[in-house]
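In: sequence and predicted model, in that order:
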Amino acid sequence: MVKQSIFGRIAQLAKANINALLDQAEDPQKMLDQMVRDYTNNIAEAESAVAQTIGNLRMLQADYNEDVKNAQDWGNKALAASRKADEYRSAGDPVDAEKFDNLAKVAIQRQMTAEAEAKSAEPSIASQTEVVDKLKSGLDQMKNKLNQLTAKRNELVARSKTAAAQSQVHDALKSIDIMDPTSEVGRFEEKIRREEAKVLGQQELAASSLDAQFNQLEDLGEQTEIDARLAALKSGGAKPAIGAGASAASGATVDEADFDKL
């Protein structure tokens, strides 16, 4: 029963479809880790059971070989006793001849017993040998499956780490993508652009104000000159400069008809 149970478990594990199990798993890596542990434990148990089964087979084989050897030995003894009896009978000694014939019969009986024991052990040896072969084969398959599981687990772990690293690199690159307006560099560049635009606006505003001030200064200077020349005319001083009238006209509202009255 124990052997059948072990053999059935080995066969079940050896036939397990790893990919199908992984497809059904929520966390393949954790499942693989658990399967590796289970396979490792089952292999250890199976190795112990298989070793015990092999030991039992070797004991049967040793007993069989001993029975075969005993049968041969008793056969040789029976032959030797029979020949000795024939010698005594040829020498005219029927008593010793009978004695050795009886010894030959005892040896033959023991030979037959040893042969019977050896023959009765043959089916068990054959059956045990078949079981051991199957257990060994199943154990080898389990070890191969364990190697596949370990390789699969290592592959998934490596792929998971690679994916995580790629994601980390992608996030890092995204944060410094100067073409991406949502990146840190993009936001900083936009802030600088707004500040530059503000400075340009301030400069433009300041320039407009300065131009207005200069215009006021020019108007004030012209009016001052007009007033000065008018004062000179009234005092009989210098004559108005050519073009002064035009300048004065530009500074006040004048009815051109009034000049005709002069």
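Out: That came in fine, so what should we check first?
In: can you map out the helices along this structure?
Out: Secondary structure of the chain (DSSP state H): helices at 2-14, 18-24, 28-90, 94-175, 184-234, 244-251, 257-260.
In: adding mean neighbour count and mean pLDDT, write those out as CSV.
Out: Quick note: C-beta positions are derived from backbone N, CA and C, even for glycine. Shown next, in CSV, are the helices of the chain (neighbours: other Cβ atoms under 10 Å; pLDDT from 0 to 100):
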stretch, mean neighbour count, mean pLDDT
helix 2-14, 15, 54
helix 18-24, 11, 55
helix 28-90, 15, 89
helix 94-175, 14, 87
helix 184-234, 11, 75
helix 244-251, 13, 46
helix 257-260, 8, 59
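In: pull the contacting residues for residue 146.
Out: For residue 146, the contacting residues are 36, 39, 40, 43, by Cβ atoms under 8 Å, 6 or more residues apart in numbering.
In: and which of those residues is nearest to residue 158?
Out: Each of these was scored against residue 158 by Cβ to Cβ, and residue 36 proved nearest at 15.4 Å.
In: that closest one reaches residue 152, doesn't it?
Out: No: contact between residue 36 and residue 152 fails when scored by Cβ atoms under 8 Å: they sit 9.3 Å apart.
In: so residue 148 versus residue 65, what's the distance?
Out: 40 Å (Cβ to Cβ, to the nearest Å).
In: revised request: answer the last question for residue 207.
Out: In terms of Cβ to Cβ, residue 207 sits 118 Å off from residue 65.
In: kindly report the same for residue 164.
Out: 62 Å.
In: what of residue 92?
Out: Taking Cβ to Cβ, one finds residue 92 at 43 Å from residue 65.
In: what do you get for residue 194?
Out: Distance from residue 194 to residue 65, counting by Cβ to Cβ: 100 Å.
In: equivalent analysis for residue 167, please.
Out: According to Cβ to Cβ, residue 167 and residue 65 sit 67 Å apart.
In: repeat that for residue 82.
Out: 26 Å.
In: just residue 43 next, same as before
Out: Taking Cβ to Cβ as the measure, residue 43 falls 32 Å from residue 65.
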